[in-house]
Structure formats: structure tokens, C-alpha cells
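[1] sequence and predicted structure are below.
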Amino acid sequence: MKKIINDPANVVTESLRGLAAAHAELLRVHEDPALVVRADAPVPDKVAVISGGGSGHEPLHGGFVGPGMLDAAVPGAVFTSPTPDAVQAAVAATTGAAGALLIVKNYTGDVLNFETAAELAAAEGLEVRSVVIDDDVAVADSTFTAGRRGVGGTVPLEKITGAAAARGASLDEVEALARKVIGQVRSIGVALTAPTVPHVGEQSFTLGDDEIEFGIGIHGEPGRERIPAEPADALIERMVAAVAEDLPFAAGDRVLLFTNSMGGTPQLELYLAHGIAERRLAERGIAVERRLVGPYITSLEMQGISITLLKLDDELIDLWDAPVNTAALRWRS
Amino acid sequence: MKKIINDPANVVTESLRGLAAAHAELLRVHEDPALVVRADAPVPDKVAVISGGGSGHEPLHGGFVGPGMLDAAVPGAVFTSPTPDAVQAAVAATTGAAGALLIVKNYTGDVLNFETAAELAAAEGLEVRSVVIDDDVAVADSTFTAGRRGVGGTVPLEKITGAAAARGASLDEVEALARKVIGQVRSIGVALTAPTVPHVGEQSFTLGDDEIEFGIGIHGEPGRERIPAEPADALIERMVAAVAEDLPFAAGDRVLLFTNSMGGTPQLELYLAHGIAERRLAERGIAVERRLVGPYITSLEMQGISITLLKLDDELIDLWDAPVNTAALRWRS
Amino acid sequence: MGCTARDVAGALRAAAAVVAEHRDELVELDRAIGDADHGENLNRGFTAVVSTLDSGEPETPGAVLKAAATTLISKVGGAAGPLYGTAFLRAATAVGDASELDGAAVVAALRAGLAGVQARGKAVEGDATMVDALLPAVAAAEEAGGDPAAVLAAAAAAAEKGAESTVPLVARKGRASYLGERSAGHLDPGARSTALILRAFADAAGAA
Amino acid sequence: MGCTARDVAGALRAAAAVVAEHRDELVELDRAIGDADHGENLNRGFTAVVSTLDSGEPETPGAVLKAAATTLISKVGGAAGPLYGTAFLRAATAVGDASELDGAAVVAALRAGLAGVQARGKAVEGDATMVDALLPAVAAAEEAGGDPAAVLAAAAAAAEKGAESTVPLVARKGRASYLGERSAGHLDPGARSTALILRAFADAAGAA
Ligand SMILES: Nc1ncnc2c1ncn2[C@@H]1O[C@H](COP(=O)(O)OP(=O)(O)O)[C@@H](O)[C@H]1O
Ligand SMILES: Nc1ncnc2c1ncn2[C@@H]1O[C@H](COP(=O)(O)OP(=O)(O)O)[C@@H](O)[C@H]1O
Ligand SMILES: [Mg+2]
Ligand SMILES: [Mg+2]
Ligand SMILES: [Mg+2]
Ligand SMILES: [Mg+2]
């Protein structure tokens, strides 16, 4: 393993220091427990929108802290969900009478730790709700299992709920909106290489030079299926089909297309993939009305991409377009 | 080689299609010759700011096309400077009576091709100037050689000249400003892994698991020196020292610190590196007044970072802070 | 012979040593079907438990278990943190403020721990989780009876067999479930850590 | 015997075939000390030259050389594009509108090409560039005299030796110069391609 780090045990803390130094006008960080909080928190009379999860997916979530998006992010150790006391500290730092919405990606660890935190917060008289995002079509959906993972859909979910909260929506409204987004967003990911977790020091899985992990998550866990490497046209069609046929997205639907780099894929390839996805959706009569292209929910240095589709309507478009000012997403502000 | 591409010969064109689809409100692309041009070009009475170079460094330069930065970008084949006719087409698409400034990174190919283009443009009665940026302290500076490469300093150079042009500065003023920036910006890069050029199919160089290329460029050419891998603290100190001692930057200087990912380095490591650089500069009494952290001038999927310092004054800070609205850099707009 | 607070703390220290020793193995098991952090997470947590104990051992077995529980909850993270944390918390509640635990109390603590894990994680036998180690451990402990050492020895042996039983299973809970059929053929890391911890407890109780 | 436009076009087609054949070798040489594109760039350019010729061969040697020059300039990019492009452009100007080139005209064309490369690139002998192949080639061509085939054969042989001479040199121009001392021990890709192209010209002239 070769990484630009000192002691693997301190990677998250040291990285947060750099984040704080780089974006002092947007956010503050706290080291123990690790937190990223809006510089102007708590924002009076506003529903706090809080998310978190294991580190290694940057800019998710700390890069989305700021006006129009998150009030706080709670970074766990690399690929490890944060503990309840950290989540609870984020709630305490940001939440007033308007309450807080916790955005939780569907992993057993995240769900359990955030659940406990919500109980702790409720015990202190704060109104805290949580929603669980589970948009990964690679995983079979079933109540007998852990269910689908939360992946790319988390980014538009945080943007849209953050925008509603910024406009003064109530906790009921923000929660309902979040559930609406979760109901109509779907994603799929692929990996060309594996990430290396600093405290492990070896790649999370090994892929041959002619193999792709199809249906990969964001934690270096192997994907659903290993397929032979194939040209971009075929691979993107396979991804678009998996996502579009799941909800399903149909001709006439208006969508946000989010083409995400898993970290190590160069922009040259990412935009190439995005262009193909646009054409494949056009062929299906699905209207791409908004797009996001970049590394927004990553898996360390893993090469690969994910494709997320969110069904849009005027309300969601309006909230997507609303001003946002964070380290990683910024417009109209 | 495993990449999300179809035919390696079409990578640039296909990627431009995705860029155009993703950012139609900002830019248009032309395929042959390959160009990226502001959607509203030509902007009347404004000096056009144009740059270009080999592809594979995205978001440089196409991601910087838009209000407040570049009027056009000219992408060559991967790691290959574009041809004069392409540059000339970019000039034709963007340049009016106010003239154009060409921002050229100091590589023999770029210099020769842009030089020829400027001659062609002049022959058509357009007023075109060029500046050559050569900020890489890894290369010995000498008039008997090709001189220093243009690397990270290109990004603030394009931002600042673009801002001046947007405010209506004359070609003389924009050119003088560009030369001022070039005179006080310095960079150094390191690589932990090598990039793989699509048409080559193999890594540009091979590094052992305990080796780092110090003084790397952005084209997969080997660095100046191969050093043993070392902890981030030591590596960043080595980089900061190389840059700070070159100009030199001294106690009391105000600077922009630009911590750049070469493409494959995860944000977790990048911010960690940035945090260390901030501390090292503080120890030297150098005041970091502005910062930029992210993958802005890359070398495909190469893992590594570069550190750029630009000496600031009130004029440069004001221009740095001015509104910019491009795919990759966006604020106050 | 009953277990004092001292004994329980000693057993936890023994478990911490075993977890440290097997950190890499647990990481490796988790790397195959998960995200390669189980050994790191538990090791961070049990190291913190030792620190907690070092800074003052509580006076009853229940209080020691509760201190371990809250430390694990705030230091482990991931799925294992809340699950192990809940197990120790429920075990603490089950033993109340008794100053010594006899075999029956240990059985009750184990039973409460299992109930806590299942309440939180909703896993049943055969889902390929730590439940597949803990559930047979509790059954064996109940059946064995006797003093704490005997109870824990039976639990540890059953947990080891139970952990092995996860190998052929297709995971239905936890991160391994994302792999579907590809999860079969692997030892579940949480089941393995449960067996390791119970063995450490049994050895500590036997030596006491 | 002189070279007609037809012969010059044939020589360029022969050069294109040689460049295609050696594409990977040139990429490999450039990978070692540069950016691994020289073979790809030249191959793209000479493939385009063949297309240009296919769509109608100009009627004089000078016009053929000029068509090649503009095609190379607009298709090769990098350092080699303007350098080879300028070389062919200057060569075209040197031969004027003669309908056949004798040996002296070929020498003049080579001399003009070298002057063009040096005017653009500012490299002198020993900088480890294509100049190290072209400069001795011109000298040998001048000394040899005779018909085009003889002139080109001398030029090609000298270029091959000249290219080899770059191996021990520390590059002072082009991308390899960034390596400093590390550039020594490598054959310069542009010098190698110059030798290959001149050899293709010589063979074509010899066979004509
Ligand atoms: N729902 C569940 N019920 C019981 N045990 C579970 C459940 N989910 C996961 N586990 C256990 O947790 C272990 C993984 O722990 P760990 O790797 O620390 O957490 P994470 O999966 O969040 O990375 C699994 O091997 C399994 O034994
Ligand atoms: N200033 C120069 N003068 C003469 N030849 C040069 C000069 N700079 C570079 N070259 C030649 O160009 C070759 C590299 O061409 P190529 O790889 O196509 O361009 P680039 O270096 O832009 O990638 C070198 O091997 C060298 O022979
Ligand atoms: Mg985990
Ligand atoms: Mg090149
Ligand atoms: Mg795990
Ligand atoms: Mg080259």
C-alpha cells in the first residue's frame, strides 16, 4: 500500500483538519467525536439535515455541509459507520425547535447507530426523524435480508431535502419529501479496480485485467457479479438497463441523470460514460432534464462509476436548482 | 488496460460529447477539430481567453470554459498538444476586436502549435497574444533546454486572467496580468502510481510499492527523481520546501495554496495533504489567504498530488474571488 | 465459585487480548465478503474497553459489563458496535447489581445478550451472522449448567461449532448479504469473533 | 534519374507504411523518456497523409511535399507535428515547382528541412532530438551527391548512426529534457523516426 498518509489510525482526523483549513467560511470540524458542522450552526428555525457514514466516500458527506444542503456530517472510521454519540453530538450542534432529519444509508451498521442516536436525541427532547435510503438495484430487495444499499441516490436526496429545509419547510414536509425522493431514485455501480483501506493495507478484492465487478457497492465489498470487461457502449447500456427497468423509468419520464466516479476513474472516461448514458436514455424516450457528473460518492481510489436516475417533477427540479454552497456542490450562491 | 472507453482513437471526441450533454448551458463542443467554446461566444468587446493542450488533464481546460474564466479550450489527443488549425478555430469562434490571449503551457509541442496558430490568426487580422506558463520547480530552468513545464499554476492563471477579461480589461492589461501571475506562481508534483494512456494500453512508467516519483509532470513522463515512499508529513514538507524556496516565498507573503489531485488520489488523502501544507506554510510565516483543493489538473488516473503557491496581493485576491461559472470552478455566480 | 467484578474485568481484558491477536484474521474474513473492517473495529473497541477499565474498574459485575457496553457502542461503529454493545448492555441489565455471578447468572447474561442482538439486528439462525455462534452458545450454556467456568466452556465450544456452520450459508443479514450466492463458502467474521470472545471468557473463568 | 511527383508520393506512402509498422516501437521509446505518444502521433499523421494523397495526388514534387506538410501540421500535434510539418514545408519551398527532382534538389530539400526544424525547435547537435539524425543526414547527402537514390541512401545511413548517437546523451530539448540525467541511456524517439522515414525514402528511391 502506498498512500499519502501518516498513521492509518489518524487518517480521518487529519483529513478533517485539511477540510476545515480549506473551507473555514463554510464549516467547522470537531475531532472527537468526528463531526463536520456548518460554520453558522445552529441555523435558527430551520430543520437540521444531518447525514453521515463511514469515511472514504468523500466528498460525501462533509463536502455537502453548507447552506442549501447539510447542517452536519458525521464521518466514521474508513468504511465504518459512526457511533451514536457522534451522531448525537451532530444533532446537539445543529438542532433547535424545528427538529432534525437524519439521512441514513441502508447498511446495518448505519441504521443501528443512527437509530440509537435518534433515541438518545429524543430522550433529550429533540424532535429527530430518520429516513433510510436504499437505491442500489444491484441488491435483491427483501424484508428478510439487509435490503438494498444506499448509494448514489444519497447525493440528490441530501441536496433536495437540504434545499427544502433552507426554504423553511417543516420537519413533516422535509421528511415526506425525503421519502418521495427515496421512492423514485435508483442506482447501479461498477468497479474496474478495488480500493485499499488504509488500516488494511491490501486491496479489498482482486480483479483480473479483463474483469469488472458489476453491481458494486461503495465499501470495497465485492459486487453482485463479475463480468468480462467490455466496451463502454455495452457496459453503460447494461447499467442504464438495470436502473431504468427497476423502478421502472418509462418513456416520457423526466429524470436527473447522475454519472458518478467512484474515485479513481478519470474525468475523460466519466464524461464519455455520461454521454453514452444520455443517448441510451434518449433512445428510451426518457428525458434527462438535469445532470450531475463527477466524483461525489466514492470508494477511496476505486476505479469505476455509478449511474443514478431520479424521477423529477417541477417540485424536485425547483429544489435541485435552488442555491447550494458547499465544498463539493455549489451553484446560484 | 481496463478503461471505460470504446475505441481508444475516439476517446477525446466521445468524452467531449458527454461534456456537451452535461453542460449545455455553459458550453458547446465542436468535434473536428476538437473545441470547447462558451455557449454565448463570441462575447462582444471582451478579450477572449483561450487555452488548450493535450487531453487527459481534465477538468483542465474544458471544465474551465464559461463566464469568468475561459472562452474556449482546445483539447488535443491524450497527452498530445492540439494542432494549429484547432487553436485557430477556437480563436475564430471567440475573438473580436478586443483580441485574444492564448494561455500556453510550456511544452515544446504546445508552444510550437500555439505559435503557429497565433501567426495564422494574425494573418487574418486578429490581435492575438500568447503567454507561456512554466511554473514547475522540478525542472531546472535554463534557456538552453525546453525550460520548466507548465503545471498547476495554469489553473489560477486561467481563473485570474479570465476574471480580468470578464471585467473588461484590455488585451494589454490581461497580458500584463498573466505575466505577473506567471512570475509569482510555482508548483511541484509527485506520483504514487503511473497513468495509462488509452492508445498505449500500458502504464507510462512502473513504480515499486515503496517508491514515489518526485517532481512528476502531468504526462506520465517520469519525474525528476525517484524517492522511497515516506509518511505524508515528510513528503508534504519536501514538496512545500521545494516550492517555497524556489521563488522564494518568504515570511509575510500572502499566498494562494492550491492542493491538486493528479486524478487517482482520494479526497481523504488530498485534504490530509492540504492540512499538512497549511501547517508547514504557517510555520514559515507564509499567510495562506486563499485555497483550492481538488482534482483540477490531472494526469488521467495517476495517483499523486501537486502543490502550487501563488503570491497574492489585493488585485489578485479580488480577481480570484470574482464570479466564475464553469463546469469545474464555480462561485459567486 | 462465582465471578466477581474483578473476574469479569479480567475476562474482558482477556477478550481484548484475543481480539488484538486475531485482528488481521477478522479483517481478512471481512475482506472476503464485507468491507474489511471487523477486526479493526473490534480491536479499536476492546482496546478502549481496556482503557476504560484501567481508569477505574466498576464495583459490580453488572457495572463492569455496562461500562464495556457503552465503550463498545461509542468506539466500534459499524454493525458490530451496536450489536456487541447491546449484547453487553442487556447482559449488564440481566445480572443487576449482584456482587458475584454464579453459573445461572452467566447463563441469564448470555441469554439476554442474544436477545439483545436479535432485537437489534433481526437475524435468525442460518442468516450467517454472529447469531449463528451466539444462539447455540446460549443453548449449550443452558444445558451444561454448573459454575461460570463450566457454562462458559460449553458456550465457547458451541459457538465455535456454530461459527463454522456459517461457512456454507448464503448470508441474509449484514453486508455479506449483498453478495447473494457469492457469500456462500465463507466463515462469517462476526460469528468468528463471537466464538473467539466466548473462548477468551471461558479460558479466563477456567483459570480464575 | 529524377523523382517525379508520383515518386515523391510513393516515398511518402512507403514512409507511412514504415511508421505504421514501427508505431509501437516509437511509442515504447517515448514511454521511456517522454509521454508515450510519438508513434501514435506520427502514425495518425502519416495515415492522414496517405488519405490526402488518395484523394488526389498533386502534380509537382513540391506540391506533394506541401500537401504532406499541411496534413502533418494539422494531424500530428505535439512537438513532432510542427517540426516534421515545418521540415516538409521548407522542403517544398526549396524544390519550388520543378516537375522532377534531381539529386541536388533532394539535397537542397533535406537542407531546407533541417533548417526548418532548427528554426522552429532551436535544437543543436547533441541535444538528443531528431536534429541528431537529420543533421548528419544532410551532411552525408551533401557529401555523397549523385542521383536521388544515392543521396537518400547516404542520408538514411547517416541518420541511423546519428539516431544511435542520442543514446548516451542527456536531453536538452523536448520532453526528455525534464528528466535531466535520467534521460541518458535512451534512444530519442524523434531521431529514430527520422532515421526510419529517411530509410523508407531511400528504399523507395532505390526501387523506383
Ligand atoms: N443484522 C445482523 N444481526 C446480527 N449480526 C449481524 C447483523 N448484521 C451484521 N452482523 C454481524 O456483524 C458482522 C460485521 O461486523 P462489522 O464488519 O464490524 O460491521 P460492518 O458490516 O458494518 O462493516 C457480520 O459478520 C455479522 O456477524
Ligand atoms: N526543440 C526540439 N527540436 C527538435 N526536435 C525536438 C524538439 N523537441 C522535441 N523534439 C523531437 O520530438 C520528439 C517527440 O515527439 P512527440 O513525442 O511526438 O511530441 P511530444 O514531446 O510533444 O509528445 C523527440 O523525441 C525529439 O526528437
Ligand atoms: Mg464497516
Ligand atoms: Mg505528447
Ligand atoms: Mg465490516
Ligand atoms: Mg511524446
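    All right, it came through fine. Ligands and ions are numbered 1, 2, ... in the order given.
[2] pLDDT score for whichever residue of the stretch 101-250 of chain A sits closest to ligand 6?
    Per Cβ to the ion, A:D209 is where the stretch 101-250 of chain A lies closest to ligand 6, at 25.0 Å. Every C-beta, even on glycine, is put in place using the N, C-alpha and C of the backbone. On pLDDT, A:D209 comes in at 90.
[3] neighbours of the closest residue in space to it that isn't next to it in sequence, how many?
    Leaving aside its chain neighbours, A:D209 sits nearest to B:K2 (6.0 Å; criterion: Cβ to Cβ, 6 or more residues apart in numbering or on different chains). Under the neighbour criterion other Cβ atoms under 10 Å in any protein chain shown, B:K2 is assigned a count of 15.
[4] surely B:K2 and A:L192 touch.
    Yes: at 4.8 Å, B:K2 counts as touching A:L192 under the criterion of Cβ atoms under 8 Å.
[5] so for the helix or strand that C:D203 is a member of, what gets flagged as buried?
    Using DSSP states H and E, C:D203 sits within helix C:189-207. Neighbour counts over helix C:189-207 (16 or more other Cβ atoms under 10 Å in any protein chain shown) mark C:189-205 as buried.
[6] for the residue with the largest distance to the centre of chain C, give me its contacts.
    Computed with Cα atoms, centre = their mean, the residue of chain C farthest from its C-alpha average is C:E181, at 26.6 Å. Listed by Cβ atoms under 8 Å, 6 or more residues apart in numbering or on different chains, the contact partners of C:E181 are C:V170.
[7] for it, give me the pLDDT.
    88.
[8] ok so, going back, okay, the residue nearest to A:D209 and chain C: tell me how far apart.
    B:K2 is 21 Å from chain C, where distance means Cβ to the nearest Cβ, to the nearest Å.
[9] so where do the strands sit in chain C?
    C:3-4, C:100-101 (DSSP state E).
[10] with mean neighbour count added, can I get these in a markdown table?
    Below are the strands of chain C laid out as a markdown table (neighbours: other Cβ atoms under 10 Å in any protein chain shown):
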| stretch | mean neighbour count |
| --- | --- |
| strand C:3-4 | 23 |
| strand C:100-101 | 22 |
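[11] dump these to JSON lines, plus distance to chain A.
    Formatted as JSON lines, the strands of chain C follow (distance: least, Cβ to the nearest Cβ, whole Å):
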{"stretch": "strand C:3-4", "distance to chain A": "28"}
{"stretch": "strand C:100-101", "distance to chain A": "26"}
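[12] give me the neighbour count for C:G45.
    Other residues near C:G45 number 25, with proximity taken as other Cβ under 10 Å.
[13] cool, and the one 4 residues further on?
    Other residues near C:V49 number 25, with proximity taken as other Cβ under 10 Å.
[14] pLDDT value on it, please?
    According to the prediction, C:V49 has pLDDT 98.
[15] tell me who's in contact with it.
    C:12, C:16, C:67-68, C:71-72.
[16] which residues do B:K2 and A:L192 both contact?
    A:212, A:229, A:303.
[17] adding neighbour count, distance to ligand 5 and secondary structure, write those out as a markdown table.
    Conversion of the shared contacts of B:K2 and A:L192 to a markdown table gives the following (neighbours: other Cβ atoms under 10 Å in any protein chain shown; distance: Cβ to the ion, whole Å; DSSP: H, G, I helix; E, B strand; the rest coil):
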| residue | neighbour count | distance to ligand 5 | secondary structure |
| --- | --- | --- | --- |
| A:I212 | 24 | 23 | strand |
| A:A229 | 17 | 28 | coil |
| A:Q303 | 25 | 22 | coil |
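[18] contacts with ligand 3 among these, please.
    Contacts with ligand 3 within the shared contacts of B:K2 and A:L192, as defined by Cβ under 5 Å from the ion: none are present.
[19] now do the strands in the stretch 51-200 of chain A.
    Along the stretch 51-200 of chain A, counting by DSSP state E, counting those that start in this stretch, strands occupy A:72-78, A:100-105, A:128-133, A:185-191.
[20] many thanks, have a good one.
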